[in-house]
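Chemist: no sequence on this one, just coordinates:
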């Protein structure tokens, strides 16, 4: 029996037993239905990314809410929404107060990415992708087959809590999640789970999704002052019905029977055991502790051959043909809070987190990289610090804090970080019409950068550049941040909020990479209520993010061996520095109101929201020798800039009429407009086959149309009714 039908069966079984108590209002609820008629112009998948609407078709969305209480401690609550659609959700909770509680649930969630994508493969979404042509695939996209990038996630399960033997308690939960469909994931230089790239040759692949995740959780504990403690265990099993994607490579003249093997996410097991507890201590203090240990395991048979610029597959020799992955994690947290005096509260904390990678380390010989082996990533992280909240006077608080973060990881460029974080915040509530918060944070990050040994004439390009690169996620930096938050309520039913936040990161030791970034955020919001006639609100949020980075184009073949320095070295057409200043501006504003046209009878609800993001990338080559002419076009520091860098605009408007015929019966009707416009340089002049006009072996890219044109406009009419009983 399907999970949602099981829940409905349970509810319908319980309802007749409760009808006889209707006069005592033991059973209450609401039944509702809303008809939605959308007219969608443009990308229907983007509009329906997490929805289930059909264009030009009326869809009735029904809901049911039931609440039962027999006044003797037994109860149940049932909620169902979007019944029969891919967004449907069901939840049943019940039990006896102070004794036990149970729950059952089922929900679905679609994820629509791109509909009507195209591919020359004959069975998109299957674990085997091939095409009928003898050598190269059909290179006319108009003759390719269509498919959809979409998935559907279904989650169902339940649980029960026992509190009958106080102060002991127990809880048990279990469930399953399935995910099916076809996904797109962009791959890297050596292929991936959606786009396969090999030596500049790329093909977007529709990846089959057939995932199942089962989980079980159990917890037992004791809770009675001054002590609380709980032991828990969590187990999860992930299964992938398609562990490999078998693909005929469209770039090489190999027999059609040879299928390249691409690994997909492996099945795996995860389990965690944990203890959480706290105890009250003297001096108005409390100690909290959490101890957890987890283990993740997986196994995968390795692929036996790959293409390496050859027309025939190259066999691979491993020290072991099966990779066994195992990752153990320890997580310990300790917190002590105390308020020994009226004028100060305090907190001390410490956290230790460590992953131990016990996976197989396998040597690989593919003919060109003998005895290459995989690197096992693991790390250790420790955080500790203290906070003090001082009550300086009535309505005036000063919070001061210090924290230290340490991380040590198996990473070749920056294995260690030490962060010192200083924070202070003032809060003033001394007047009745306002609350003011002002905060400042300063962080110093130290980074141990491992510089590879440079041997002239033998080092690869990556090793030379690595002398000067600092990757921003772990690079040494100084961070400055402050914020101001002012809340005003000058008269009754009128509220204002004004907020500003500034963050700047100075990467002091970085030569190549991001050298500076800063972010400004500010917002204003307010609302006013004239209870008898209307309520209204408005808001405006704005933020700007700026990044500055310097990079190097380096060609070791043309650089003098005596001076390989990519900064102080030669500046010419093939060895030069370049910079990019990237800026993103985002803002969101909206207004709305509830107008009580006929008090307690007719309400008009109206709202508008506008979101916009505007990105820009300003590129500069630091030597004129790099500004060359190609295809009749001369490159300049102006025409290289990208003005449409992840730009989008979305606006929504709605008006809704709510008419209460009686306190129990309500009718609604209304109209909504939604518009989304996306503009990005990477989709300008989109082609399925590249280069333009290429055929046969000259083609180096096959695309499917994923995310190609996501803009849309939608006009939506809706009407419905709800009855309470």
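Modeler: Great, that's in hand. Here the structure is a predicted model, which is why all the values come from computation and not from measurement.
Chemist: quick check: mean pLDDT across stretch 580-598?
Modeler: Mean pLDDT, stretch 580-598: 95.
Chemist: begin at 662 from here
Modeler: Let's use 662 as the start, then, which means that last one is stretch 1241-1259.
Chemist: Just the helices from the chain, written as ranges.
Modeler: 664-679, 705-708, 1122-1127 (DSSP state H).
Chemist: Spatially central residue for this structure, please.
Modeler: The geometric centre of the chain, computed from its C-alpha atoms, lies nearest to residue 772 (CA atoms, centre = their mean), at 13.4 Å.
Chemist: residues near residue 948, how many?
Modeler: 15 (other CB atoms under 10 Å). The C-beta positions use only the backbone N, C-alpha and C, and glycine is treated the same way.
Chemist: which residues pair with it across the strands?
Modeler: Taking DSSP bridges as the rule, residue 948 bridges to residue 940, residue 997.
Chemist: That one contacts residue 942, correct?
Modeler: Yes: contact criterion CB atoms under 8 Å: residue 948 and residue 942 qualify, at 5.9 Å.
Chemist: intersection of neighbour lists for those two?
Modeler: Between them, residue 948 and residue 942 share no contacting residue under CB atoms under 8 Å, 6 or more residues apart in numbering.
Chemist: Please report how far the residue nearest to residue 1368 when sequence neighbours are not counted lies from residue 1016.
Modeler: Computed as CB to CB, 6 or more residues apart in numbering, the closest residue to residue 1368 that is not its neighbour in sequence is residue 775, at 6.2 Å. Plainly put, residue 775 is 36 Å away from residue 1016 if you go by CB to CB, to the nearest Å.
Chemist: between those two, which one's more packed in?
Modeler: When residue 775 is set against residue 1016 and neighbours are counted by other CB under 10 Å, the residue ahead is residue 775, at 22 against 19.
Chemist: ok, that one touching residue 706?
Modeler: Yes: Residue 775 is in contact with residue 706 according to CB under 8 Å; the separation is 5.4 Å.
Chemist: so what sits against both of the two?
Modeler: 809, 810, 1371.
Chemist: What is the burial count for the second one?
Modeler: It stands for residue 810. There are 26 residues near residue 810, going by other CB under 10 Å.
Chemist: for the last one, same thing?
Modeler: Residue 1371: 21 surrounding residues under other CB under 10 Å.
Chemist: which ones are touching the residue lying closest to it once chain neighbours are set aside?
Modeler: For residue 1371, ignoring the flanking residues on the chain, the nearest one in space by CB to CB, 6+ apart is residue 707 at 4.3 Å. Residue 707 makes contacts with 773, 1337, 1371, 1372, 1373, as judged by CB under 8 Å, 6+ apart.
Chemist: how about 10 Å then?
Modeler: Applying CB atoms under 10 Å, 6 or more residues apart in numbering to residue 707 gives the contacts 701, 773, 774, 775, 776, 1337, 1339, 1368, 1370, 1371, 1372, 1373.
Chemist: What of residue 873?
Modeler: Counting by CB under 10 Å, 6+ apart, residue 873 touches 837, 838, 839, 840, 841, 898, 899, 900, 901, 902, 928.
Chemist: I'd guessed the fourth one sits against residue 868; true?
Modeler: No: using CB atoms under 10 Å, residue 840 makes no contact with residue 868, being 12.0 Å away.
Chemist: Looking at these two, which one has more neighbours?
Modeler: Per other CB under 10 Å, whichever of residue 840 and residue 868 has more neighbours is residue 868, with 25 against 18.
Chemist: The closest residue to residue 904 other than its chain neighbours: how many residues sit nearby?
Modeler: With CB to CB, 6+ apart as the criterion, residue 904 has its nearest non-adjacent residue at 5.8 Å, and that residue is residue 925. Here the number of neighbours of residue 925 (other CB under 10 Å) works out to 18.
Chemist: Pretty sure residue 925 sits against residue 903.
Modeler: Yes: counting by CB under 10 Å, residue 925 does reach residue 903; the two are 5.9 Å apart.
Chemist: residues shared between the contacts of those two?
Modeler: In the contact map built from CB under 10 Å, 6+ apart, the residues linked to both residue 925 and residue 903 are 788, 868, 869, 870, 871, 872.
Chemist: between these, which is nearest residue 1215?
Modeler: residue 868 (35.2 Å; CB to CB).
Chemist: can you pull up the bridge partners for the closest one?
Modeler: What pairs with residue 868, by the bridge criterion (DSSP bridges), is residue 844.
Chemist: cool, and residue 1109?
Modeler: Here residue 1109, judged by DSSP bridges, has bridge partners residue 1077.
Chemist: Just to check, residue 759 is in contact with residue 733?
Modeler: No: using CB under 10 Å, residue 759 makes no contact with residue 733, being 11.9 Å away.
Chemist: between the shared contacts of residue 775 and residue 706, which is closest to residue 1212?
Modeler: residue 1371 (29.8 Å).
Chemist: give the contact list for that closest one.
Modeler: Per CB under 10 Å, 6+ apart, neighbours of residue 1371: 703-704, 706-708, 710, 774-775, 1309, 1337-1341, 1344.
Chemist: Out of the residues you listed, which is nearest to residue 768?
Modeler: For those, the closest approach to residue 768 (CB to CB) belongs to residue 710, at 16.7 Å.
Chemist: Residue 864 versus residue 781, what's the distance?
Modeler: 9 Å.
Chemist: Need the overlap of contacts for these two.
Modeler: By CB under 10 Å, 6+ apart, the residues touching both residue 781 and residue 864 are 790, 798, 911, 1363, 1365.
Chemist: got TSV for these, with pLDDT and distance to residue 1091 too?
Modeler: Shown next, in TSV, are those (pLDDT from 0 to 100; distance: CB to CB, whole Å):
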residue	pLDDT	distance to residue 1091
790	92	69
798	91	74
911	87	72
1363	91	67
1365	93	62
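Chemist: Could you pick out the buried ones from these?
Modeler: 790, 798, 911, 1363, 1365 (16 or more other CB atoms under 10 Å).
Chemist: nearest to residue 1253, of these?
Modeler: residue 1365 (39.9 Å).
Chemist: ok, that closest one touching residue 864?
Modeler: Yes: using CB under 10 Å, residue 1365 is in contact with residue 864, at 8.8 Å.
Chemist: Could you tell me the end-to-end distance of stretch 907-924?
Modeler: Start to finish, the residues bounding stretch 907-924 are 9 Å apart (CA to CA, to the nearest Å).
Chemist: Can you give me the buried ones in that stretch?
Modeler: Result for stretch 907-924 [16+ other CB under 10 Å]: buried residues 908, 909, 910, 911, 912, 913, 915, 920, 921, 923.
Chemist: Dihedrals phi and psi, the fifth one?
Modeler: In other words, residue 912. phi -100, psi -10 (degrees, to the nearest 10).
Chemist: who's the closest residue to it other than its chain neighbours bridged to?
Modeler: The shortest distance from residue 912 to any residue other than its chain neighbours is 4.6 Å, reached at residue 862 (CB to CB, 6+ apart). Here residue 862 sits in beta bridges with residue 859, as judged by DSSP bridges.
Chemist: Any idea how many residues pack against residue 862?
Modeler: Using other CB under 10 Å: residue 862 sits among 17 other residues.
Chemist: contacting residues for it?
Modeler: Per CB under 10 Å, 6+ apart, neighbours of residue 862: 910, 911, 912, 913, 968, 970, 1360, 1361, 1362, 1363.
Chemist: Show me the two of those residues that sit farthest apart.
Modeler: Maximum pairwise distance in those, criterion CB to CB, is 18.0 Å, between 970 and 1363.
Chemist: doesn't residue 1173 make contact with residue 1128?
Modeler: Yes: with contact defined as CB under 10 Å, residue 1128 reaches residue 1173; the gap is 9.0 Å.
Chemist: coming back round to it: among the buried ones among the shared contacts of residue 781 and residue 864, which lie within strands?
Modeler: Counting by DSSP state E, those place 790, 1363 in strands.
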